[in-house]
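Colleague: Could you look at this predicted model? Sequence included:
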Amino acid sequence: MTTILDPTNEAVPVTRQVTPRSGAISGVVGLMDIRKPRGDVYLDALEGMLKEKLPGIEVKRFAKPTFTKPCPDDLRHDIKRECDFVIEALAD
Amino acid sequence: MSETLNAFALNDAAGKPHRFPTGRPALVCFVKEDCPTCNLVMPVLDGFHRAWGDKADILVLGQTKEGNAVLSERHELAVPILDESGCKVSFDNEIDTVPTVIWAGGDGTAGTKVIGFAREEWEALEKEIAGVLSADDAGIAWGDLPEWRPGCGSKSVDPMVADRLRAEADNSPIRARKIEIAEADDEFEFMFDQGFSDGLPLVPPTPERVLRMLDGTKRGAQEVIAVMPPNMGEVTVEKVAINAVMAGCKPEYMPVIIAAVEAVCTDEFNIHGVNATTMGAAPVMIINGPIRHKLDMNMKLGALGNGSRANATIGRALRLVVRNVGGAKPGGTDRSTLGNPMKFTMCFAEWEERNPWEPLHVERGFKKDENVVTIFAMTSGPTLIVDQESRKPDQMAGTLGLGLESVFHPKYHGWPIDTLLVVCPEHVDTLMVDGDYSKKRLRERIQEVTKRPLRDMVGNDISGAGLKPEAAANMTAEQLDSLVPKFLSEVYIHIVVAGSDAGKFSGAFHGWATGEMGSISVSRKIGD
C-alpha cells in the first residue's frame, strides 16, 4: 500500500439548493455585463426583448470592473439584494 | 536520568501483546538481527529473563520481523522478542544505536542506559537489577565475553525509515489528507485518475518525500503563503511541497517556488485572469541572482527549452499548485482556445554574466546579489527572431524591433502589451560592436523601426483586424498619416539575455492584456 498526500486544497464544495423555479419571470431582472467587448450590445438587445415580451418587469443593469478578475463581493451582494433574477452576459 | 520512556504495546512472534509500563520494573532492550553485538548480548538478555522474569519484564524489541525469528532460533531464546519492525518505539525514544538497554521503573521512569557492549557496564547493570529486585545475580559467565564491542546503527535512523517515522510522528508537520492507494492499483495511474496531473506522470507525493521537500525551506509547513483563485484555496508551504514533489523538484528549489506562488497570487499579476483568458496566457518565470548557480539553472544553451531539471520542474511545480490548490483546470476555469506548452512549465535564468546591461532584477530595484523571481503573463513564445547578416548595432536593434511586429497582430500598433525579448549572446555582441548600446537605446530603436502610419492599421480586404474603417472615415489625412510605434510605451519592452554563445537567434515572448484590467509583471525576492 502506498500512501500519498492530497495536493489539492481539500475544499469540500458547499452543496447549494437551486432556487425553486416558479415558471414565470416577474419583479426585477438584473443584467450583468462582465465587460467583454460588445457585452453592452448583447445586453441592450436582450433588455429590449425582455421589455417587449414582459412589460411588467423591471430591468437593472450591472457591470463588473473587468472581465479578467473575479466579481467583487459587494457587487454580488448588490445583485442578490436588488434582483429576483439575473442574467450574466458573456460576449466578444 | 529521570525522563520517562514512552508507553508502548507490541506483540511477540506468537501474537501475544506485551505492554510497557506495567507497574513492574522493566529492562527495555532494542536489538537488530544483523548486528553482531546484538547477537553477543542475546544470551545475556535471555539469562536475565530466565533469572528474573518472575519479578521484572525483560522486553526485547527486535527491529526486523524476519530477523527476530532468526535471533530466537539461533540463540534458543526463552525470552520473547517483540515485533518492533515499525521502529516507532525506537524513534520515539531517540534510539540511534543497537543494542541499547534501559532499566526502567514500574511507572516507566528511565534509569540506567547502556549502549553497545562494554562488559563493565553490563556487569554493573546486572548488579543494579539484582539489587533492586532483591534477587541473586543472573549467573552470566562474563569472563567468556569480550571487554568491549561497538553497537550498530538503529534501523530507526536509517534515512529511508527515519523519514517515514518523522512523517508519522505526533509532532509531524504533515497535515494534508492522506490518500491510501491499494496494492492492486498503480499509483501513477491512480494520480492521473484523480485529476492531479498536467498530463505527464507525477512523482507520488509520499509523506517521506514531502518531509524531505519541506527541509528545503525555513518557512513553517502550515504557513499560508497565498490564497489562490478560482477556488480561493489556501496555499500552505506543505501544499507547495506536495506539488513540488509531484513536479520532480529538489528540496532546494522550494524557496523559488514559494516566491513564485506569492508573485502570481497578487492582484497585479491576476492569476485568475491569466488562467481564464481564451487567449491562453501562462506565467513565464525568470530567475536572477546567485541562486541560479546554486540550483544549477540553465541560462545558456537551450535555456528556454528542455533538459534542465531546475528550469523544468520549478516551472511545473508552480503550474501544479495553480491546478491543484487554485483549482484552475483546462475546461474548467482555464478556457484557453489553443493552450500552449508554457502551461506545462516555463522557467529560465538570465545569463547575467554575459549581459552587458543591468540584469532584469537590478533594473526592477533589487540588489545584484539578491535572488529574485520575476513573472510575466505571456500568451506565446519564444518566437524566434533570426538575423545572421546584420553587422551594425542599429541594424541589429532594427531586426529585434521588426521581429516584434507580430505581437498580437501586425496591424495592432500603439497597444499597451508586454513583450519579453530574450537577446542571444551573439546578437548582444553585434549590438555592442561599436561600444555601449544601452537598453534605453535598444527600446527606442524598436519603437523607431516599428512606426507605421495609422492608415496601414485600418481594417481592409486583406485583414479585417485593426482600426475600424468607419472610425478611419472620420479622421483627417494628417491623422491617418501620423506614425504609430508597435508599443504604447517603451516600458512594455522587457529585455533579458540568455542562450548559447553560438547562434544568431533571439526570442520574444508576446504578452497578454496589461495594466489594471490584465496582468502586470511581478518580481519577488526569494527568501529562505
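Modeller: Perfect, I can see it now. Numbers count the residues shown, from 1 in each chain, chains lettered A, B, ... in the order given.
Colleague: So for A:D40, what pLDDT did the model give?
Modeller: For A:D40, the model assigns a pLDDT of 89.
Colleague: Does the helix or strand harbouring it reach chain B?
Modeller: Element membership of A:D40, judged by DSSP states H and E, is helix A:39-53. No. If you take C-beta under 8 Å from any C-beta of the partner chain as the test, helix A:39-53 misses chain B, and the best it gets is 13.5 Å. No exception for glycine: its C-beta is placed from N, CA and C like everyone else's.
Colleague: what number of residues lie near the closest residue in space to B:I271 that isn't next to it in sequence?
Modeller: Of all residues not flanking B:I271 in the chain, B:V264 sits nearest, at 4.3 Å (C-beta to C-beta, 6 or more residues apart in numbering or on different chains). When neighbours are counted by other C-beta atoms under 10 Å in any protein chain shown, B:V264 registers 28.
Colleague: how about the strands of chain A, start to end?
Modeller: Remark: strands assigned in chain A by DSSP state E are A:2-5, A:28-33, A:58-63, A:85-89.
Colleague: any chance of those strands in a markdown table, plus mean pLDDT?
Modeller: Converted to a markdown table, these look like this (pLDDT from 0 to 100):
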| stretch | mean pLDDT |
| --- | --- |
| strand A:2-5 | 93 |
| strand A:28-33 | 94 |
| strand A:58-63 | 95 |
| strand A:85-89 | 89 |
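Colleague: before we move on, the earlier item: how near is the residue nearest to B:I271 to B:R364?
Modeller: According to C-beta to C-beta, to the nearest Å, B:V264 stands 16 Å off from B:R364.
Colleague: now B:D170
Modeller: B:D170 is 45 Å from B:R364, where distance means C-beta to C-beta.
Colleague: The two: which is more packed in?
Modeller: When neighbours are counted by other C-beta under 10 Å, B:R364 comes out ahead of the other of B:D170 and B:R364, with 15 against 6.
Colleague: can you tell me how far the more buried one sits from B:V261?
Modeller: 19 Å.
Colleague: Would you confirm that B:N68 contacts B:D83?
Modeller: Yes. B:N68 is in contact with B:D83 according to C-beta atoms under 8 Å; the separation is 6.5 Å.
Colleague: And the two? Which one has more around it.
Modeller: A direct count of neighbours by other C-beta under 10 Å for B:N68 and B:D83 places B:N68 higher, at 25 against 18.
Colleague: how deep is the closest residue to chain A within the stretch 351-500 of chain B tucked in, by neighbour count?
Modeller: Nearest residue of the stretch 351-500 of chain B to chain A: B:A377, at 10.1 Å (C-beta to the nearest C-beta). For B:A377, the neighbour count with other C-beta under 10 Å is 28.
Colleague: Give me the neighbour count for B:K55.
Modeller: Counted with other C-beta under 10 Å, residues neighbouring B:K55 total 14.
Colleague: contacting residues for the closest residue to it other than its chain neighbours?
Modeller: Nearest residue to B:K55, sequence neighbours excluded (C-beta to C-beta, 6+ apart): B:L133, at 4.6 Å. Contact partners of B:L133, counting by C-beta atoms under 8 Å, 6 or more residues apart in numbering or on different chains, are B:P25, B:W52, B:K55, B:A56.
Colleague: Quick check: the residue nearest to B:I271 vs A:T66, distance?
Modeller: For B:V264, the distance to A:T66 - C-beta to C-beta - is 17 Å.
Colleague: what's the burial count for the spatially closest residue to B:I385 that is not a sequence neighbour?
Modeller: Spatial nearest neighbour of B:I385, chain neighbours left out: B:G403 (3.2 Å); criterion: C-beta to C-beta, 6+ apart. Using other C-beta under 10 Å, B:G403 has 21 neighbouring residues.
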